[in-house]
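**Student:** Generate coordinates for the sequence data below:
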Amino acid sequence: MNRIYCVVICFLLGLAGCGGGGGSGGSNPSQQALVTTAGPSVVLPASSASQFDVSGGVPPYRVGNSDQAIAVGAISGRVLTIGAVNPGSTNVIVLDNSGASISINVRVGSSIPLYTTAASSVTIGVGDAASRTFTIGGGGAPYTVQGSANEVARVEMIGATQWKVTGITIGTTNVKIRDAAGTELQVAVAVGAPELRVSPTDLKLFPGITAVVKISGGQPPYRIAGGIPAAIDAQISASQPDELIIVGKLASELELSVADATGQLQKVTVKIEIGQATFGFSPSALSVSENDSQNINLTIFGAAVGEVCLFTSDSRYLKPAGATCRTASAAGMPVVIETGTLGSRCVNADTEVTITAVDSARAVGSATIKILDNGLGCGAASFAISPSAITLNASTTVGQAVVTGGSGTYLVSSASPAAVTAVATGGVITLTRVAAAAANPVVVTVRDSRDPSRSLTLNVTVN
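**Tutor:** Predicted structure coming up:
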């Protein structure tokens, strides 16, 4: 019998000694049904206790326990006390003197079911640099993780609520995540090459102008798959093996394929326009995925020698790196476009950002970058909270909700802090009852810290 169990048992036995003893039996046809304010189920943190009222039936009342290693109950007069000992689920039964009974399911642990931030299946690369870390929450701590194939991937807890998987060799493994109550989740892990990506995926340029396409993911080394069309010169950079260098030669629209060592392919669409503008960008139009975070390389050509100033139409998503104004030479000027102030390029729908340059002669050139919404866990649709409504009362004073999507760090505010307070810890929002609300529900607002325009609402009924 562990120390927590002993403490709770002694506490409850002390309460039981105050009342709730024997008494004469009897029945009354007009007697109300046996009821308790505990309801059919309660959730309690380990080593805590809550009290509930018992009424109706035929006093005196008594308690039966199915598993006192998880939770114990005691009656003092009309007050039922339930103490949580260890994570798990059990039933506490309240009986009256006529034999009527009520069964209360007691769950010791979190009010949130066991969860992990990992998807049901994930793919990782080989080596420490490609390892992934995920969070565990809900259920009842402590948590454990176990992999089915240690020769494929190393699976380990790296804290009380985080686990890490590191690929060792190509293959698959299943990761089992358990809480103290024995609840289990499984994540299928494939160790291999992550998805091959190129950025930009399509571009527009003039003959004689160089464009740089960044390659990421997959399994290096990278190569150009198939033949190289006569309308362009293309090669993988010798000094930067993750860059594809393209030079337009003839007016054309074509596709070029990039391959990795495992055979994955990604296509780059290239449109070479007739003629050459006197001042502009190369490429002048391109598309990138919202999941890409790599810098975008542009070149200004034809600008007057002297100062060139750069501007963006939406600094939240994309902005020129470095000083706003810099000096251009006759040979042209490279420009790097980086992720904007939000820290990510997640968009709600396909979004165009215009990069504008003004040279010393006050001529204007521009490039249009389209950020593509792929709808696969980056955009606003993935920003959600569960559950969306919670009820708190004098017996259940604390509740939790889980936020998914967004940047991973959140800002929370309660419309009535005098009734309920809210705190964000990672993706878990903890709500604490202060007092009954003057008007229900109390709206708790959750915002993405990197993009406060993205918000969720949680309705909290505080009785």
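**Student:** Next one: Thr54 from Ile224, what distance?
**Tutor:** In this structure residue 54 is Val, not Thr. Distance, Val54 to Ile224, by CB to CB, to the nearest Å: 77 Å. C-beta coordinates here come from the backbone N, C-alpha and C atoms, glycine included.
**Student:** Likewise for Lys370?
**Tutor:** 24 Å.
**Student:** wait, is Arg454 part of a strand?
**Tutor:** Yes. Secondary structure of Arg454 (DSSP: H, G, I helix; E, B strand; the rest coil): part of a strand.
**Student:** which residues does it contact?
**Tutor:** Counting by CB atoms under 8 Å, 6 or more residues apart in numbering, Arg454 touches 380, 383, 406, 447-448.
**Student:** Now do the domain split for this structure, please.
**Tutor:** According to automatic domain parsing, the chain comprises the domains 3-108, 115-191, 197-372, 383-462.
**Student:** Tabulate those domains (TSV), appending mean pLDDT.
**Tutor:** TSV is the format used below for these (pLDDT from 0 to 100):
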stretch	mean pLDDT
domain 3-108	78
domain 115-191	88
domain 197-372	87
domain 383-462	87
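**Student:** Over to Ser66: give its phi and psi.
**Tutor:** Main-chain dihedrals, Ser66, degrees, to the nearest 10: phi -90, psi -30.
**Student:** and the helix or strand containing Val212, what does it pack onto?
**Tutor:** Using DSSP states H and E, Val212 sits in strand 210-216. In terms of contacts (3 or more CB pairs under 8 Å, 6 or more residues apart in numbering; DSSP states H and E), strand 210-216 is packed against strand 197-199, strand 202-205, strand 243-248, strand 265-272, strand 296-301.
**Student:** Now render those strands as TSV, adding mean neighbour count and distance to Val364.
**Tutor:** Formatted as TSV, these follow (neighbours: other CB atoms under 10 Å; distance: least, CB to CB, whole Å):
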stretch	mean neighbour count	distance to Val364
strand 197-199	22	26
strand 202-205	24	18
strand 243-248	20	22
strand 265-272	19	22
strand 296-301	22	12
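**Student:** could I get those as TSV with distance to Thr161?
**Tutor:** Listed next are the helices and strands packed on strand 210-216 as TSV, based on distance: least, CB to CB, whole Å:
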stretch	distance to Thr161
strand 197-199	30
strand 202-205	42
strand 243-248	39
strand 265-272	36
strand 296-301	36
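**Student:** so which of these gets nearest Thr324?
**Tutor:** Nearest of the helices and strands packed on strand 210-216 to Thr324, taken as CB to CB: strand 296-301 at 13.9 Å.
**Student:** partners of that closest one, with directions?
**Tutor:** Strand 296-301 has these partner strands in its sheet, going by DSSP bridges: strand 280-282 (antiparallel), strand 333-339 (antiparallel).
**Student:** how about those, which one is nearest Leu95?
**Tutor:** strand 333-339 (63.9 Å).
**Student:** what's the offset of that closest one from the middle of its chain?
**Tutor:** Distance of strand 333-339 from its chain centroid, counting by CA atoms, centre = their mean, to the nearest Å, is 30 Å.
**Student:** do stretch 212-227 as well
**Tutor:** 30 Å.
**Student:** same deal with stretch 435-442?
**Tutor:** For stretch 435-442, the separation from the chain centroid amounts to 30 Å (computed by CA atoms, centre = their mean).
**Student:** First-to-last residue distance for it?
**Tutor:** Its first and final residues considered, stretch 435-442 spans 12 Å by CA to CA, to the nearest Å.
**Student:** Kindly report the same for stretch 319-336.
**Tutor:** Terminal residues of stretch 319-336 lie 9 Å apart, using CA to CA.
**Student:** Pull out the buried residues from it.
**Tutor:** 319-320, 328, 333, 335 (16 or more other CB atoms under 10 Å).
**Student:** can you count the residues close to Arg362?
**Tutor:** Residues within reach of Arg362, counting by other CB atoms under 10 Å, total 7.
**Student:** would Arg129 count as being in a helix?
**Tutor:** I think there's a mix-up here, since residue 129 is Ala and not Arg. Yes. Counting by three-state DSSP, one finds Ala129 located in a helix.
**Student:** That one and Met157, how far apart?
**Tutor:** Where Met157 is concerned, Ala129 sits at a distance of 21 Å (CB to CB).
**Student:** Between these two, which is the more surrounded one?
**Tutor:** Under the criterion of other CB under 10 Å, the comparison of Ala129 against Met157 puts Met157 first, with 15 against 8.
**Student:** outside of stretch 216-227, which residues touch it?
**Tutor:** So stretch 216-227 is in contact with 125, 192-199, 215, 234-236, 241-242, 244, 256-262, 264-265, 292, 294, going by CB under 8 Å, 6+ apart.
**Student:** how about a cut-off of 7 Å?
**Tutor:** Applying CB atoms under 7 Å, 6 or more residues apart in numbering, the external contacts of stretch 216-227 come out as 193-197, 215, 234, 236, 241-242, 256-262, 264-265, 294.
**Student:** same check, this time on stretch 131-146
**Tutor:** Outside stretch 131-146, the residues that touch it by CB under 7 Å, 6+ apart are 46, 87-88, 108-110, 112-118, 122, 124, 155, 157-158, 160-166, 175-181, 183, 402, 426-428.
**Student:** Backbone dihedrals for Gly140, please?
**Tutor:** Here is the backbone geometry of Gly140 (degrees, to the nearest 10): phi -130, psi 120.
**Student:** about what we covered before: quick one: closest of the strands paired with strand 296-301 to Gln32.
**Tutor:** The minimum distance between Gln32 and those falls on strand 333-339, with 65.1 Å, by CB to CB.
**Student:** any idea which helix or strand comes after the closest one?
**Tutor:** Beyond strand 333-339 on the C-terminal side, the first helix or strand identified by DSSP H and E is strand 351-358.
**Student:** need the next SSE after that next one, C-terminal direction.
**Tutor:** Moving toward the C-terminus from strand 351-358, the next element (DSSP H and E) is strand 364-372.
**Student:** quick one: that following strand to strand 296-301, angle?
**Tutor:** 160 degrees (axes from the mean of the first three to the mean of the last three CA atoms, to 10 degrees).
**Student:** For strand 364-372, what is the distance to the chain centroid?
**Tutor:** Distance, stretch centre to chain centre, for strand 364-372: 30 Å (CA atoms, centre = their mean).
**Student:** Run me through the strand neighbours of it, direction for each.
**Tutor:** strand 285-289 (parallel), strand 351-358 (antiparallel).
**Student:** Which positions in it come out as buried?
**Tutor:** 365-372.
**Student:** Could you export those residues to CSV, including columns for distance to Val145?
**Tutor:** Formatted as CSV, these follow (distance: CB to CB, whole Å):
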residue, distance to Val145
Gly365, 54
Ser366, 51
Ala367, 47
Thr368, 46
Ile369, 41
Lys370, 41
Ile371, 36
Leu372, 35
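**Student:** closest to Leu342 among those?
**Tutor:** For those, the closest approach to Leu342 (CB to CB) belongs to Ile371, at 11.3 Å.
**Student:** neighbour count winner among Val54 and Ile224?
**Tutor:** Each of Val54 and Ile224 has its neighbours counted (other CB under 10 Å); Val54 has more, 23 against 16.
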